[in-house]
Every structure is written in structure tokens, then in C-alpha cells.
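Novice: Got a sequence here, can you build the structure:
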Amino acid sequence: MNFKNLVIANITEVVGDLIASMPKKQADFEIREDNCICDRFIFTETDDQILVTPLPINPAFLNDSLKLLGLKNVINLFPENCGLSICKDILSDKKLNRTLMDLIRKNKNINVYSYAGTKFFADLVRYWRKQGLKFNTPELPADENRYIQDFFGSKAGFRQAASLLGDDFLKMPEGAICSSKEEMFGWAGYLLKKGAGIVIKYNRGLAGAGLKIIKKEEVTGSVYDCLEKIIKEEIYFQKFPLVIEEFIPPDFNVCGGSPNVEIRIKNGKPELLYTCSMRVTLEGIFRGIEIGKEVMATKLAAILTKTGMKLGNYLAQKGYQGYFEIDFVAGIDGKIYPIESNLRRTGGTHVFEATQKLLGKNWAENYIVAKNIHDVAKLLGKKYEDIKQTVKHLLFPIKGKKEGVIFTSMGYLPYGKIGYLVIGKNKKSTFEIESKFLKLC
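Specialist: Residues are numbered from 1 along each chain as shown. Next up is the predicted model:
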């Protein structure tokens, strides 16, 4: 078989530094969670694909997903052992590495993609090229431009970028990049006195990992004692730089308080993919997105798009290519605040890709919700086929119509969790389908 794309699902690598700072039990949990949700890459790219995941994808789930998408030439490969870095695991697994190198040789000009252009992915690409392999990396910046991804994709880097982009770039919450515990405590005390709370951010977190929200009313003693307790419990907050910024009370009536924009830079030009409402817990943990018609007001979408394109043009000029997004907070004060950017694919990219494949260019006329990690307590211990049978009347396409539930991840099922998205003709119908689905799970 011939292949056009090789996709490496390297979600866990994004938070390698954070995981290295965690106690073993917590680190093992984070690695397992990130590796288990990598089967959502089924929805990435097109047909003629080699998909390399940390864990094998459930064969029945893979077959059903490929049939749904109309894909006929996709194979799933995986290392014998998976850990923090799938790219390192590929190099360590001689059999897998040899297989992939043979496939690259046989498929000239194959495109090699990843979730993120990590240093591990760059090392793997560099090794393969030293072996004389010829392939394309459309979303990996050249070596001399990799600092752009590392810098501007960090919490501190984005805060600096926002200050460089001029007065027409939305103003961030007040805060600072701290290089010591003394600076952290000082800024925390100042911001707690003047505002509703603070947010502490590890410089390279993911989906809420490495983030702590402290509301003013939660500080019962001294700020010093409160922060000492936190950094003792979460030791990655002992690594600097850290970002401390004021907590902006969100308006949950505006995109759940968490609007977002995702953009792709291709051939040196940024292009809008979508604006969305993020599904974020009160603790700041990302769980999924909502996209499509009725998600947000036209005026808000225009603000997010303008801000995203401003950053996109800046990054493109510096040689970045690939995906990035900006997270915002919709404050109860009526203002929109950019809070961070991630230079990679995201927890919403696969939702957009799946929706586009299934609905075509008019996908935005529908309403789509997704949850990347959902507890299926009622079905704990069940197999994929059992869950499928339980909700078969709600699966896409319901009675031939382009609406219904789509499973996006089953790798976490042994631990009682799944990923899904729901497509409906409008917001009301989508939530009705999701509600029926959740009652069965």
C-alpha cells in the first residue's frame, strides 16, 4: 500500500518538563491519561495514513471510525513500550523504527506530522534524515526557528509577545513573569489585595495541568502560608519562571467564560480554522469545546479572529508554521482577555477535523460539542462493543441524518473514561442528544 502521511501522536511530550517535576504516582497518571487519548488522531489528516500511537487502538473502534470517515488505507503502529516520549520509544524500538524507515523509503515525499513540534520529535526527524530518508515536515519549523515554538508557546513567552504586538492587541490580565519565590510571593500578595484572586501558571503546562486558581476568599491566613502549602504540594511550582496573574471572574454566559480561536499557518500565511467555546472546569481544567453556529456572537468572533490573526502574522514572519490557538477569558466586566497561546495542535483540532470531514464546507451551520475525557461510571468494565450497543440509537448518523454521537477516543476505556463529540442541527438539538447519551453512560 502507498501512504501520503505519517502521523505521530505525541501529546505527552508537550508536558515532559512538567511531568518530570511531579511525584511518581502523579506523573504516571498524567502519562497514562495523555497516552490513552491519543487514539483521537484517527480523525487527523486524510486517507493513506500511517498512524503511530503510544498504545494500540481498539481494532473495532478503529474500523468503525475509518468506515464512518470513509477512510480505507490507514494502519496503526505502536511501540512495544510506551512512556513519556513516543518519539524516543520509536528510536528505542528497533523493530518499529526499522518498519517506519522502510515505509518512508517506499513512500517518497511522505508528510510526517505530530501533535506538537517537540524537541523529541525534532530529534527523531533529525535522526531519520541522517539515515538518508527523504520526507516532508510541513508543520515543523526549521531548526533555526524552533525557539519560536518553545518561546511563544510558553506562558511567559506569550505574556511577552502580547506586550510586543502593540496597543491594538487585547490587554492581558495584570501579572508578571517571576524568576524567584520572593517575586512570586510579592506579586501574589499585591494582586490578591487589589483583585478577586490570582492564577499561578507553570511555564509549560497543558490542558490545566500546571495551573492553580486561588480566589481571594480561599486565603484564610497569610499569603505566604497559603503559597508555601501550594508549592509544597505541587512541586513543579518550585521551578522558575512562573507566571502570576490576576484572576478574572468569568462571565459563564459568554462561551462558558472561555472563548478560543485556532489558526493554522500554512505557506507563510495564517488562516482561521474556527472560534469556539471551551469546556473548562472551575479549576481551570480543559475538557472539550463547542463549535459551530450559535456558539458566540459575531462581534466576539471578530475580536478573537483579529487578535489571532495579529499573532499569526507575527509568528509567520518569524518562521513558525503549523497550528496555534489563543485562550481567552470573557470577564464579568464585559472585557475579553487573552491569557495564553499554544503553538501546536490542540484538544479541539480533531473535533474540527472530524466535523469538516463529515459535514463538508458548511459544517459551521451545525452545532457541535465535544468532551475529550468523560467518565462512564455506569459502563465501567464494559467493552467498546457493549457501549456501542447501549447507545446505538444515538450514534451518528441518526436515521441517516447528519447528527448524533461520535466516539473520538476509547483508549481510556479500561479506566472508565471515553472521548466523544455530538453533532446536531442547532444548539438545542445537540444538547438534547448529548443529554440522552450521558444518561446512558
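Novice: Name the next helix or strand following the helix-or-strand element of the chain with minimal mean pLDDT along the chain.
Specialist: Within the chain, no helix or strand scores below helix 16-20, which has a mean of 80 by mean pLDDT, DSSP states H and E. The helix or strand immediately downstream of helix 16-20 is helix 24-36, counting by DSSP states H and E.
Novice: Quick one: list the elements packing against the following helix or strand past that next one.
Specialist: Heading C-terminal from helix 24-36, the first helix or strand you meet, by DSSP H and E, is strand 49-52. Contact here means 3 or more C-beta pairs under 8 Å, 6 or more residues apart in numbering; DSSP states H and E; on that basis strand 49-52 packs against strand 5-8, strand 74-77, helix 94-106. All C-beta atoms are positioned from the backbone trio N, CA, C, and that covers glycine.
Novice: counting contacts, what elements does the last one pack onto?
Specialist: For helix 94-106, the contact count by 3+ C-beta pairs under 8 Å, 6+ apart identifies strand 5-8, strand 49-52, strand 74-77, helix 86-92 as packing neighbours.
Novice: Show me where the stretch 201-350 of the chain dips below the pLDDT cut-off.
Specialist: 207-208 (pLDDT under 70).
Novice: Now for Ile90, how many residues are close by?
Specialist: 25 (other C-beta atoms under 10 Å).
Novice: Give the buried residues for the least confident helix or strand of the chain.
Specialist: 16, 18-19 (16 or more other C-beta atoms under 10 Å).
Novice: now swap in stretch 297-305 and tell me
Specialist: Result for stretch 297-305 [16+ other C-beta under 10 Å]: buried residues 300-301, 303-305.
Novice: what sits up against it?
Specialist: For stretch 297-305, contacts defined as C-beta atoms under 8 Å, 6 or more residues apart in numbering pick out 170, 254-255, 259-261, 272, 275, 296, 326, 328, 330, 336.
Novice: How much space separates Tyr320 from Glu432?
Specialist: Tyr320 sits 41 Å away from Glu432, taking C-beta to C-beta, to the nearest Å as the criterion.
Novice: Give me the more crowded residue out of the two.
Specialist: Remark: of Tyr320 and Glu432, Tyr320 carries more neighbours, 26 against 13, as counted by other C-beta under 10 Å.
Novice: thinking again about what came up before, want to throw the helices and strands packed on strand 49-52 into TSV with mean pLDDT?
Specialist: Listed next are the helices and strands packed on strand 49-52 as TSV, based on pLDDT from 0 to 100:
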stretch	mean pLDDT
strand 5-8	97
strand 74-77	97
helix 94-106	97
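Novice: Ser409 is nearest to which of the ones you listed?
Specialist: strand 74-77 (13.6 Å; C-beta to C-beta).
Novice: residues in contact with the nearest residue to Glu234 once chain neighbours are set aside?
Specialist: Leaving aside its sequence neighbours, Glu234 sits nearest to Lys212 (C-beta to C-beta, 6 or more residues apart in numbering; 6.7 Å). Applying C-beta under 8 Å, 6+ apart to Lys212 gives the contacts 199-200, 230, 234, 237, 284.
Novice: Comparing the helices and strands packed on strand 49-52, which comes out most buried?
Specialist: Highest mean neighbour count among the helices and strands packed on strand 49-52 (mean count of other C-beta atoms under 10 Å): strand 5-8, with a mean of 22.
Novice: quick one: strands adjacent to that strand?
Specialist: Sheet pairing of strand 5-8 (DSSP bridges) gives strand 49-52 (parallel), strand 111-114 (parallel).
Novice: CA-only coordinates of it in CSV, if you can.
Specialist: Provided in CSV are the C-alpha atoms of strand 5-8 (Å, rounded to 0.1, in the frame of the first residue of the first chain):
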residue,chain,number,x,y,z
ASN,A,5,1.0,10.8,5.7
LEU,A,6,2.8,9.6,8.8
VAL,A,7,1.2,10.9,12.0
ILE,A,8,2.9,10.6,15.4
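Novice: Show me what that strand is in contact with.
Specialist: 41, 44-46, 48-52, 86-87, 90, 100, 103-104, 110-115, 121, 124, 135.
Novice: let's see it at 10 Å
Specialist: 38, 41-42, 44-54, 74, 77, 86-87, 90, 100, 103-104, 107, 110-116, 118, 120-121, 124-125, 135-138 (C-beta atoms under 10 Å, 6 or more residues apart in numbering).
Novice: Mind checking which of the residues you listed are buried?
Specialist: Judged by 16+ other C-beta under 10 Å, buried ones among the contacts of strand 5-8: 38, 41-42, 44-45, 48-54, 74, 77, 86-87, 90, 100, 103-104, 107, 110-116, 118, 120-121, 124-125, 135, 137.
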